[in-house]
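Participant: Model the structure of this input:
(chains A and B)
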Amino acid sequence: MTLAVGAPAPDFTLPDTAGASWSPTDGPAPATVIVFTCNHCPYALAWHDRIADAARDYAGRGVRFLAINANDADRYPRDSYDAMRRRVEDEDWPMPYLHDASQEVARAYGAQTTPDVFVLDAGGVLRYRGAPDSDYDDPGQRAAWLRAALDAVLAGESPEPAETRPVGCSIKWKARGAR
Amino acid sequence: MTRIPDIELLWWEGCPSTERALADLRSVLSELELDGAPITMREIRSDEEALAERFAGSPTILIDGVDPTAAGEDPPSLSCRVYRRRDGRVAPTPDPLDLREALAAASEREEVDR
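Facilitator: Numbering: from 1, shown residues only, chains lettered A, B, ... in the order given. Model prediction:
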């Protein structure tokens, strides 16, 4: 089931690549961005720099960014916890990269693809969900939908659009019963 | 005389880039005046099939049975394939310039050993 815009977002605690725990309710923030992403998907990789740039640009305004990888690492070893750690070591990440090994957070949010972006307001209510912008192949878009949603939330307004179709690789779910 | 290469597009339903790859392929064929070249669409449905076909991800385009963009590092799997454009950007489909080069070369070849 997908989390509806206007609904309170589920809380969670997940480890980052250094083992530290993170939650969307770790202290006050005027907005929180949760991005389901991964290492192996070309769509997630194509959009990554734009999302990271947005994280840097909005850090001064107190916006919290959390990236989450929920893919089944048994079938997709490039999404293992070790591979996540290596990637963060090799790259300049402006946000923690969290591991959702049980996939419970991805299921609670109804995440479908990598990437899949969720923007929460200061009260933890979902205000935008979908793609970062309209074209993975155009870096000039600069995650325009995500930035517009953040600008609206920071201004106390409703994002327009509040929802777009997430585009990317399907989340790689574990077989039922596997943990 | 220009020959029509044998073209296959291998795809997996979990990846949304098939349509774009097919459109790019048709566009390149048109540029090369190979509009009539048939494209065989082949769906890869399971890990076993991916392994048997050495499917490096969706989409994979074979020209005369050869993957012109194979870099050799992609293990067979049911996944979306990561391509590098000529400008270095990551993309879910091959660079059309790479396709054009491979198709042009294939169309000029006289005989193909399969």
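
Participant: Near chain A, which residues of chain B are found?
Facilitator: Contact residues (Cβ under 8 Å from any Cβ of the partner chain) of chain B with chain A: B:14-17, B:47, B:77, B:79-83, B:89-92. In short, each C-beta sits where N, CA and C put it, glycine included.

Participant: Go again with 7 Å.
Facilitator: Contact residues, chain B versus chain A (Cβ under 7 Å from any Cβ of the partner chain): B:14-16, B:79-83, B:89-92.

Participant: For chain A, give me the ranges with low pLDDT.
Facilitator: For chain A, applying pLDDT under 70 flags the ranges A:176-179.

Participant: Now with 90, please.
Facilitator: Scanning chain A for pLDDT under 90 picks out the ranges A:1-2, A:75, A:175-179.

Participant: Take the residues of chain B next to chain A and lay them out in TSV including neighbour count, pLDDT and secondary structure.
Facilitator: Below are those laid out as TSV (neighbours: other Cβ atoms under 10 Å in any protein chain shown; pLDDT from 0 to 100; DSSP: H, G, I helix; E, B strand; the rest coil):
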residue	neighbour count	pLDDT	secondary structure
B:14	15	91	coil
B:15	22	93	coil
B:16	17	94	coil
B:79	27	92	coil
B:80	27	94	strand
B:81	26	94	coil
B:82	22	94	coil
B:83	22	94	strand
B:89	16	92	coil
B:90	18	94	strand
B:91	20	95	strand
B:92	28	96	coil
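
Participant: ok, which stretches of chain A are strands?
Facilitator: A:14-15, A:21-22, A:31-36, A:64-69, A:97-99, A:113-114, A:116-121, A:126-130, A:169-170 (DSSP state E).

Participant: Compute the distance from the centre of the first one to the centre of its chain.
Facilitator: A distance of 14 Å separates the C-alpha centroid of strand A:14-15 from that of its chain, computed with Cα atoms, centre = their mean, to the nearest Å.

Participant: State which helix of chain A is the longest.
Facilitator: Counting by DSSP state H, the longest helix found in chain A is helix A:42-59.

Participant: does any part of that helix sit near chain B?
Facilitator: Yes - residues of helix A:42-59 contacting chain B under Cβ under 7 Å from any Cβ: A:42-43, A:45-46.

Participant: on contacts alone, who are the packing partners of that helix?
Facilitator: helix A:144-154, strand B:90-91 (3 or more Cβ pairs under 7 Å, 6 or more residues apart in numbering or on different chains; DSSP states H and E).

Participant: ok, what's across the strand from the spatially most central residue of chain A?
Facilitator: Residue closest to the average C-alpha location in chain A (Cα atoms, centre = their mean): residue A:35, at 0.5 Å. Counting by DSSP bridges, residue A:35 is bridged to residue A:67, residue A:117.
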